[in-house]
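# here you go, sequence then predicted model.
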Amino acid sequence: MLHPVQARGADDDGVVETVPFQGLIRFERQAPVRQVSYYISGELIEPQYYTELYYTLRTATDTDLIYIHLNSPGGDFNTGLQIINNIAASEAKVVTVLEARAYSMAAMIFLSGDELFVHDNCQLMLHTYSGVFSGKGNEQQAEVAAVGKWFEKVMRRICARVLSDAELDSIIKGSDFWMDSDEISRRLSRDERPAGKRASSKKTPVRKKPSSASR
């Protein structure tokens, strides 16, 4: 059905002329999309070796797409946490890609992506931290307690998208938790958080030491 719209003028008798609606006009702005890929293969070592990744994440814009490909047994907690915090702070869309295995800290990096992609025949493993503590007995006890609370907060915040409270409790107490590609995809399909930046983590479709603490 055509709905008349008022014209700019009227005829001599004061009757308003109408014309049929001609349709919407599209206004489009195109921005260049920059796509960057990083491959984390092997153990996560000291944080200073990943400064280019931090810088790329921090300086990216909302038209950038950053892929982080993972095949890692885990490693330095400080390094993993700095990568995770920079993913959360980045304006870019960050896609984490599981290409073979991601254990421990590497698994937490994978779960921090805006979008998660899982190849077939992959494994994810989560467990609590391990470390070596030094100093007087009371200092070691204080450090163990502080690091334990810190690690537990980080794990619960990041891993809640795929693990239940009971599963997280079990990991904190010392159990290892393993998932293959099918199980990861099944759990991610239940992640109902809205796409977009997360408060402290971030988005998801799916295809199928502190100096003294590291993992």
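Now that the structure is in, tell me what you want to look at.
# check the gap between Leu70 and Asn78 for me.
18 Å (C-beta to C-beta, to the nearest Å). Just so you know, the C-beta spots here come from the backbone N, C-alpha and C atoms, and that holds for glycine as well.
# look at those two and report which has more neighbours.
Between Leu70 and Asn78, counted using other C-beta atoms under 10 Å, the more crowded position is Leu70 (23 against 17).
# ramachandran angles for that one?
In terms of degrees, to the nearest 10, the main-chain angles of Leu70 are phi -120, psi 130.
# and it, what does it touch?
Residues in contact with Leu70 (C-beta atoms under 8 Å, 6 or more residues apart in numbering) are Ile40, Thr96, Val97, Leu98, Glu99, Ala102, Ala106, Ile109, Phe110.
# what's the nearest residue to it if we skip its chain neighbours?
Using C-beta to C-beta, 6 or more residues apart in numbering and skipping the chain neighbours, the partner closest in space to Leu70 is Ala102 (4.6 Å).
# what sits against that neighbour?
Per C-beta under 8 Å, 6+ apart, neighbours of Ala102: Leu70, Asn71, Ser72, Gly74, Ile109, Phe110, Cys122, Gln123, Leu124, Met125.
# check Pro32 too.
The contact partners of Pro32, taken as C-beta under 8 Å, 6+ apart, are Thr63.
# so it sits in a strand?
No: secondary structure assignment (DSSP: H, G, I helix; E, B strand; the rest coil) places Pro32 in coil, not in a strand.
# any idea how far it is from Phe21?
Applying C-beta to C-beta to Pro32 and Phe21 gives a distance of 35 Å.
# about what we covered before: the residue nearest to Leu70 and Glu43: what is the separation?
12 Å.
# may I ask which helix or strand encompasses Asn85?
Following DSSP states H and E, one finds Asn85 within helix 77-89.
# so what strands line up beside the next helix or strand after that helix?
Under the assignment DSSP H and E, the closest C-terminal helix or strand after helix 77-89 is strand 93-103. With DSSP bridges as the test, strand 93-103 is paired with strand 65-72 (parallel), strand 115-118 (parallel), strand 123-126 (parallel).
# out of these, the one nearest Gln48 is which?
If you check each of the strands paired with strand 93-103 against Gln48 by C-beta to C-beta, strand 65-72 wins as the nearest, at 17.5 Å.
# the closest one to helix 77-89, inter-axis angle?
160 degrees (axes from the mean of the first three to the mean of the last three C-alpha atoms, to 10 degrees).
# how about strand 65-72: buried residues?
Leu65, Ile66, Tyr67, Ile68, His69, Leu70, Asn71, Ser72 (16 or more other C-beta atoms under 10 Å).
# tell me the one of the residues you listed nearest Thr59?
Ranked by distance to Thr59 (C-beta to C-beta), the buried residues of strand 65-72 are led by Ile66 at 10.9 Å.
# bridged to that closest one, which residues?
Residues in beta-bridge contact with Ile66 (DSSP bridges): Val36, Val94.
# low pLDDT regions in the protein?
Counting by pLDDT under 70, the chain contains low-confidence residues at 1-17, 130-135, 139-140, 143-144, 147-148, 191-215.
# does Leu126 touch Leu163 like I think?
Yes: the criterion here is C-beta atoms under 8 Å, and Leu126 meets it with Leu163 at 7.3 Å.
# check the contact lists of those two and give me the overlap.
Taking C-beta under 8 Å, 6+ apart as the contact rule, Leu126 and Leu163 both touch Ile171, Phe177.
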